[in-house]
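Participant: Kindly generate the corresponding structure for this input.
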Amino acid sequence: MYTQLLIYIVVLFLFTMQQPGTGPQPLPPFWQTGLEAAVLFALYAVICRRAFQGLRTALEKGWPPSLVSLRYHRLENRFSFLAVGLIAYYIFGLDINAYLTALPVLQRSLVFSGLIAMGLTLIHQAVIWVFAYPVYKAINHSRMKLTAFVKGHISFSSAILLPWFLLALTSDALDLLPLPDALRSDPGQFFLMGITVVLFALLAPPLVVRLWGCDSIPRTPVRLELEDFCAELGFSVKDFKLWPLFGGEMLTAGIIGLLPGRRFILITEGLLNLLSTEELKAVVAHEMGHIKRGHLLLYLFFFLCFSMLIYFLHDLILLLILKNKTLLEWMLNPGAPHTALFSALQALPTLILLVVYFRFIFGFFMRNSERQADIHAMQIIGSPLPLVSSLRKIAFRSGQIEDLPNWHHYSIRERIDFLTEAFANPALIMRHHRKLYGAALFFVAAVSALMAGAARLNDTSLINTWRYEVEAYRLHRAMDASPDDPELHAAYGGVLMELKRFDEAGKILRHALELAPNSAGALNNLAWFYATAPPPHANPPHALELAERAAILSQEPHILDTLAEALYANGLYEEALEIINEALRKAPPNRPYFLKQRQKFERAVLSRQGERQV
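Facilitator: Residues are numbered from 1 along each chain as shown. Okay, the predicted model is just below:
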């Protein structure tokens with residue numbers, strides 16, 4: 001389940017990050033790109049078929065089922081990640097987004113573009129499921145039909161994708177709603193998405209069990225005993241459900257739902273038939289442990305933390321990439337190959353962070369949470385034997401394998417060994433709790449420090465200088481292409497000012513005004529230059545003259561801010577305060593800056609009043 005989730009997250013991320021190539025070089029005809037993609041897909045299918053056929057032949061030759069089962073799971077994972085690599089080539093190499101974004105609905109909707117990404121993933125994974133089916137059937141002595149096997153995988157995937165679908169739907173809806181500026185800002189959008197995730201976790205379990213096609217377990221003596229077992233422990237469950245994974249043959253159980261009235265324990269029919277009542281109680285106690293120890297909340301917290309990390313780190317990562325002139329040229333070059341290369345390199349650091357975060361950090365917490373749930377089951381039952389017995393039965397029926405490595409679970413042998421040792425030495429239990437909670441505290445501290453450091457670094461003069469250097473390079477390139485555009489000259493001069501290249505800035509800004517004497521932008525930028533530049537460039541009287549001309553042409557907040565600054569530079573503090581208040585009444589987007597300006601003018605007014613009183 002979690003490997004599937006990681007694959008879907010990676011594909012969605014790649015699909016989102018890629019920038020379709022635009023420029024004078026036309027894309028190849030769609031049929032040509034489609035033919036190349038079809039050839040690659042066919043090659044992938046042939047390799048996949050041969051690999052699983054070889055495994056089936058090995059089983060027929062008498063290889064141990066445990067070895068075949070181990071290689072079966074490894075092949076599944078390898079071909080899943082090969083599919084991700086192939087889809088990445090479609091996205092960055094064949095630039096399929098350029099064809100898809102020709103449809104207006106795909107340009108505007110996160111849902112539709114994401115559904116295409118998921119469709120590509122499911123098509124490639126369906127190849128794995130089709131060719132893996134004979135081996136699965138032989139290992140597990142299954143009577144399931146191929147259609148049910150593939151349908152089971154798709155049904156399972158659909159519930160995994162449900163949170164993403166709701167988030168994408170929310171994002172599309174928010175784009176259409178008339179939201180306040182505070183909610184349209186990045187923090188506001190993040191807040192709304194966080195609320196959506198939390199509401200999903202609290203309210204969606206009934207929808208998920210319906211999507212999976214779960215029916216209530218019949219009220220047999222076994223079910224009644226499980227209900228009594230939960231009631232004795234004061235653990236509220238809405239219902240016990242049959243989990244129809246792969247026709248119910250998969251040997252697993254799970255729990256879904258944070259709220260007692262929306263909490264379900266899911267058990268597959270295969271597991272229900274395989275285990276005794278006492279063993280099933282141990283499995284249910286394990287699932288209780290996930291709730292009692294707050295593991296579902298921990299998992300939700302991890303997903304939210306990753307979103308926050310990306311929010312705080314993405315701009316820094318992009319800026320570091322753009323500091324490289326070659327990569328910056330690729331971004332600015334209108335040719336599709338350069339744009340694709342830049343998109344791939346831009347995505348790579350975040351993709352590495354995503355894989356490391358989920359595969360290793362999240363995986364560590366998941367493995368140890370599973371172990372903590374095992375401990376809870378042992379303590380509730382009073383013995384490790386029922387859970388150990390159930391694990392051994394599952395291992396035997398799944399291909400006689402106890403040592404299958406798993407990034408989000410310890411192997412069955414490791415789980416059994418730990419339970420046995422912990423029962424003999426209870427000190428191991430407290431040691432494990434301290435290890436897990438200590439690691440969680442360290443994680444929270446590390447993530448908080450990383451986000452705080454990234455936020456602080458974003459506001460440093462060094463990072464701002466890097467931003468202005470990248471922007472200056474971009475504007476200079478644009479001016480080469482449009483040498484008579486006054487707005488480009490005005491913007492370039494403003495950036496040069498921020499870089500303290502005052503001689504160049506003054507020359508460029510004066511040239512911008514020559515190109516467009518009645519441009520509010522050109523007048524405004526040159527006025528700001530004369531009002532704020534150090535000697536010998538400063539010229540407050542001329543700054544005020546230019547700022548007043550700009551304000552006649554436009555009453556936008558930033559124009560009024562320049563007029564207020566020019567008044568301040570000329571010692572007209574009361575007039576500057578009046579103008580900045582007028583700008584604030586226009587609800588500027590960067591309100592904190594305008595408030596700082598007002599505070600500066602207020603201090604100047606108070607200082608002058610104090611001097612007069614003295």
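Participant: hey, where'd the strands end up in the stretch 151-300 of the chain?
Facilitator: 215-216, 239-242, 253-256, 264-267 (DSSP state E, counting those that start in this stretch).
Participant: Quick check: which of the ones you listed is nearest to residue 499?
Facilitator: Set against residue 499 and scored by CB to CB, the strands of the stretch 151-300 of the chain come closest in strand 253-256, at 55.0 Å. All C-beta spots, glycine's among them, are computed from the backbone N, C-alpha and C.
Participant: And that closest one, how far out from the chain middle?
Facilitator: Chain-centre distance of strand 253-256: 25 Å, with CA atoms, centre = their mean, to the nearest Å.
Participant: That strand pairs with which strands?
Facilitator: Strand pairing for strand 253-256, determined by DSSP bridges: strand 264-267 (antiparallel).
Participant: what sits up against the strand it pairs with?
Facilitator: Strand 264-267 has contacts (CB atoms under 8 Å, 6 or more residues apart in numbering) with 205-206, 209, 212, 214, 217, 226, 237-243, 253-257, 280, 283-284, 287.
Participant: Which parts of this protein belong to which domain?
Facilitator: Per the record, the chain has its domains at 1-142, 294-458, 460-514, 518-614, by automatic domain parsing.
Participant: Would you convert those into CSV that also reports mean pLDDT and mean neighbour count?
Facilitator: Listed next are these as CSV, based on pLDDT from 0 to 100; neighbours: other CB atoms under 10 Å:
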stretch, mean pLDDT, mean neighbour count
domain 1-142, 80, 17
domain 294-458, 85, 17
domain 460-514, 88, 17
domain 518-614, 89, 18
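Participant: What average pLDDT does stretch 162-175 get?
Facilitator: For stretch 162-175, the mean pLDDT works out to 72.
Participant: And the helices in the stretch 501-614 of the chain?
Facilitator: Assigned by DSSP state H, counting those that start in this stretch, the stretch 501-614 of the chain shows helices spanning 502-515, 520-532, 540-553, 557-569, 573-585, 591-613.
Participant: Indicate which one of those helices is closest to residue 447.
Facilitator: So among these, helix 591-613 is nearest, using CB to CB, at 25.6 Å.
Participant: ok now that closest one, how far from the chain's centre?
Facilitator: 44 Å.
Participant: List the contacts of that helix.
Facilitator: 557, 561, 564-565, 568, 573-574, 576-577, 580-581, 583-584, 588.
Participant: Figure out which of the strands of the stretch 151-300 of the chain is closest to residue 137.
Facilitator: Across the strands of the stretch 151-300 of the chain, closest to residue 137 is strand 239-242 (CB to CB), at 21.4 Å.
Participant: Convert the C-alpha atoms of stretch 460-478 to PDB, please.
Facilitator: Provided in PDB are the C-alpha atoms of stretch 460-478 (Å, rounded to 0.1, in the frame of the first residue of the first chain):
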ATOM      1  CA  THR A 460      18.600  37.700   4.400                       C
ATOM      2  CA  SER A 461      20.500  40.300   2.200                       C
ATOM      3  CA  LEU A 462      22.500  37.500   0.600                       C
ATOM      4  CA  ILE A 463      19.400  35.600  -0.700                       C
ATOM      5  CA  ASN A 464      17.700  38.900  -1.800                       C
ATOM      6  CA  THR A 465      20.900  39.800  -3.700                       C
ATOM      7  CA  TRP A 466      20.800  36.400  -5.400                       C
ATOM      8  CA  ARG A 467      17.100  37.000  -6.400                       C
ATOM      9  CA  TYR A 468      17.900  40.400  -7.800                       C
ATOM     10  CA  GLU A 469      20.900  39.000  -9.700                       C
ATOM     11  CA  VAL A 470      18.700  36.400 -11.300                       C
ATOM     12  CA  GLU A 471      16.000  38.900 -12.100                       C
ATOM     13  CA  ALA A 472      18.600  41.400 -13.500                       C
ATOM     14  CA  TYR A 473      19.900  38.700 -15.800                       C
ATOM     15  CA  ARG A 474      16.400  37.800 -17.000                       C
ATOM     16  CA  LEU A 475      15.500  41.400 -17.600                       C
ATOM     17  CA  HIS A 476      18.700  42.100 -19.500                       C
ATOM     18  CA  ARG A 477      18.000  39.200 -21.800                       C
ATOM     19  CA  ALA A 478      14.500  40.500 -22.400                       C
END
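Participant: can you list the residues that contact it?
Facilitator: 316, 319, 322-323, 325, 328, 332, 457, 485, 488, 491-492, 495-496, 498-499.
Participant: Next step: those residues restricted to helices.
Facilitator: Using DSSP state H, 316, 319, 322, 325, 328, 332, 457, 488, 491-492, 495-496, 498 are the members of the contacts of stretch 460-478 that sit in helices.
Participant: mind checking how far residue 226 is from residue 304?
Facilitator: Going from residue 226 to residue 304 by CB to CB, to the nearest Å gives 33 Å.
Participant: just residue 288 next, same as before
Facilitator: 24 Å.
Participant: Residue 522 now?
Facilitator: Distance of residue 522 to residue 304, given as CB to CB: 46 Å.
Participant: so what's the residue positioned nearest the centre of the chain up against?
Facilitator: Among the residues of the chain, the one closest to the centroid is residue 307, at 5.1 Å (CA atoms, centre = their mean). Counting by CB under 8 Å, 6+ apart, residue 307 touches 190, 193-194.
Participant: Roughly how far does it sit from residue 314?
Facilitator: Residue 307 is 11 Å from residue 314, by CB to CB.
Participant: Let me see the residues that make contact with stretch 249-259.
Facilitator: By CB under 8 Å, 6+ apart, the surrounding residues in contact with stretch 249-259 are 140, 142, 144, 152, 201-202, 205, 208-209, 238, 243, 245, 263-271, 274, 283-284, 286-288, 290-291, 296-297, 394, 397-398.
Participant: Tell me the buried residues within the residues you listed.
Facilitator: For the contacts of stretch 249-259, a neighbour count by 16 or more other CB atoms under 10 Å gives the buried set as 140, 142, 144, 152, 201, 205, 208-209, 238, 243, 245, 263-271, 274, 283-284, 286-288, 290-291, 296, 394, 397-398.
Participant: CSV for the ones in helices among the contacts of stretch 460-478, including distance to residue 111?
Facilitator: Converted to CSV, these look like this (distance: CB to CB, whole Å):
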residue, distance to residue 111
316, 29
319, 30
322, 30
325, 38
328, 33
332, 31
457, 34
488, 37
491, 36
492, 39
495, 38
496, 43
498, 39
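Participant: Any of the contacts of residue 307 buried? List them.
Facilitator: Neighbour-count burial (16+ other CB under 10 Å) is assigned, among those, to residue 193.
Participant: Closest to residue 526 out of the contacts of residue 307?
Facilitator: The closest of those, once distances to residue 526 are taken by CB to CB, is residue 190, at 38.1 Å.
Participant: was I right about the closest one contacting residue 309?
Facilitator: No. Checked against CB atoms under 8 Å, the pair residue 190 and residue 309 is beyond contact range at 11.7 Å.
Participant: Could you point out which of the helices of the stretch 501-614 of the chain sits nearest residue 426?
Facilitator: helix 591-613 (55.6 Å).
Participant: between the closest one and helix 573-585, how big is the angle?
Facilitator: Here the directions of helix 591-613 and helix 573-585 differ by 160 degrees (axes from the mean of the first three to the mean of the last three CA atoms, to 10 degrees).
Participant: how near is the closest residue to residue 270 other than its chain neighbours to residue 73?
Facilitator: Computed as CB to CB, 6 or more residues apart in numbering, the closest residue to residue 270 that is not its neighbour in sequence is residue 249, at 4.7 Å. Separation of residue 249 from residue 73 (CB to CB) stands at 16 Å.
Participant: same deal with residue 427?
Facilitator: Using CB to CB, residue 427 is found at 34 Å from residue 73.
Participant: quick one: contacts for residue 212?
Facilitator: Per CB under 8 Å, 6+ apart, neighbours of residue 212: 155-156, 159, 243-245, 266.
Participant: Can you give me the pLDDT of it?
Facilitator: 80.
Participant: and it, backbone torsions?
Facilitator: Main-chain torsions, residue 212, degrees, to the nearest 10: phi -80, psi -10.
Participant: Next: residue 537.
Facilitator: phi -80, psi -20.
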